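[1] Sequence first, predicted coordinates after that:
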Amino acid sequence: MPELPEVETVVRGLREPLIGHTILGVTCEQSRTIRHADMATLAARLQGQTVTGVNRRAKYILCELSGGDLFIVHLGMTGRLYVVSDDSHWHADRWAHVILQLDGGQQLRFSDPRRFGFVSVVSNFAEIAPNIGPEPLSDDFTRAGFAEKLKRHHKAIKALLLDQSFVAGIGNIYADESLFRARIHSLRPADSLKKAEIDRLYAAIRSVLEDGIARQGASINWYRKVDGTTGEAQDHFDVYGRDGEPCLTCGTTIEKIYVGGRGTHFCPKCQK
DNA sequence: CGGACAACCTGGCGGC
DNA sequence: TGCCGCCAGGTTGTCC
């Protein structure tokens, strides 16, 4: 579910309700949902802290706290973060594993049916994810650096795009969409791409992610924005989930294969 | 080191 | 309508 555009949308939605607000208390259970710290440590390090910033790195949400710690959330496959008023009649959420009580009568909930997501509190982001690649929408992601790194890998380009140490934030949906936009077959060995193809892929990754953010993410199943509403990116996919349907460019039937164990959608005529 | 694959969990959906 | 098997946007650890 949540890839870079979805996580970025959540981050932007969290700033208004969180920044400047103080965490009064923490409600949670001891479970896999809390990583790198036990329940008591998490509560102790969050309670009394004021949120000073909310940012994203790869698919991680980083809430900066006044004491210098980072409250980290990863949404996994089915995680959601949302803010509700204490007095709202919002129905009970059986998957709300962590609830932060905020000043001003609101609470931040982390809800995750499948429990692939997690929360943590650390001093430095590197404690959570020490080996994350460049942010594709930042100046750190250069065309030259991208081309150089592609030469060092022989595996399928789709599998490489999913490697978070290669480039941050791309997941299964936007990998497929980027490769379609660049007209490159998902199974091409990374080191086989010609310069023109590398240039197309570099541009495609950026534009696909930017379009995803502009549409506030893709609500295929579980993903929702902080206010509970759906994104719109799912209505504009070229290939993801469209197997059996005609390519919007040439009319050829979109195919589905598995690459690195992940469902992979592509147009056999447009992508070579 | 690279790559394939299982594991972690639970819900939703299509098919029978 | 009900049950069963399969699939799912991510990450990590293991094995060859």
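    Great, that's in hand.

[2] which phi and psi does the closest residue to DNA strand B within the stretch 51-200 of chain A have?
    Residue of the stretch 51-200 of chain A nearest DNA strand B, by Cβ to the nearest atom of the strand: A:Lys155 (2.8 Å). Yep, even glycine has a C-beta here, placed from its N, CA and C like the rest. Reported as degrees, to the nearest 10, the phi and psi values for A:Lys155 are phi -80, psi 170.

[3] so it makes contact with A:Pro189?
    Yes: counting by Cβ atoms under 8 Å, A:Pro189 is a contact partner of A:Lys155 at 6.8 Å.

[4] What parts of the stretch 1-150 of chain A come near DNA strand B?
    A:Arg32, A:Pro113, A:Arg114, A:Arg115, A:Phe116 (Cβ under 7 Å from any atom of the strand).

[5] For A:Leu100, pull up the helix or strand it's in.
    strand A:96-102 (DSSP states H and E).

[6] Off-centre distance for that strand?
    21 Å (Cα atoms, centre = their mean, to the nearest Å).

[7] Helices of chain A, start to end?
    Using DSSP state H, the helices found in chain A span residues A:4-18, A:39-46, A:143-150, A:157-161, A:172-181, A:195-214.

[8] which of the residues of the stretch 1-150 of chain A next to DNA strand B lies closest to A:Gly76?
    A:Gly76 lies nearest to A:Phe116 out of these, by Cβ to Cβ, at 3.1 Å.

[9] any idea how far A:Thr27 is from that closest one?
    Distance, A:Phe116 to A:Thr27, using Cβ to Cβ, to the nearest Å: 21 Å.

[10] rewinding a little: which of the helices of chain A is buried the deepest?
    helix A:172-181 (a mean of 25; mean count of other Cβ atoms under 10 Å).

[11] how about the CA coordinates for that one, as CSV?
    Taking Å, rounded to 0.1, in the frame of the first residue of the first chain, the C-alpha atoms of helix A:172-181 are listed here in CSV:
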residue,chain,number,x,y,z
ASN,A,172,5.4,-2.3,-6.4
ILE,A,173,2.9,0.1,-7.9
TYR,A,174,5.2,2.9,-8.8
ALA,A,175,7.9,0.5,-10.1
ASP,A,176,5.5,-0.9,-12.6
GLU,A,177,4.2,2.6,-13.6
SER,A,178,7.7,4.0,-13.9
LEU,A,179,8.9,1.2,-16.2
PHE,A,180,5.8,1.6,-18.4
ARG,A,181,6.3,5.3,-18.7
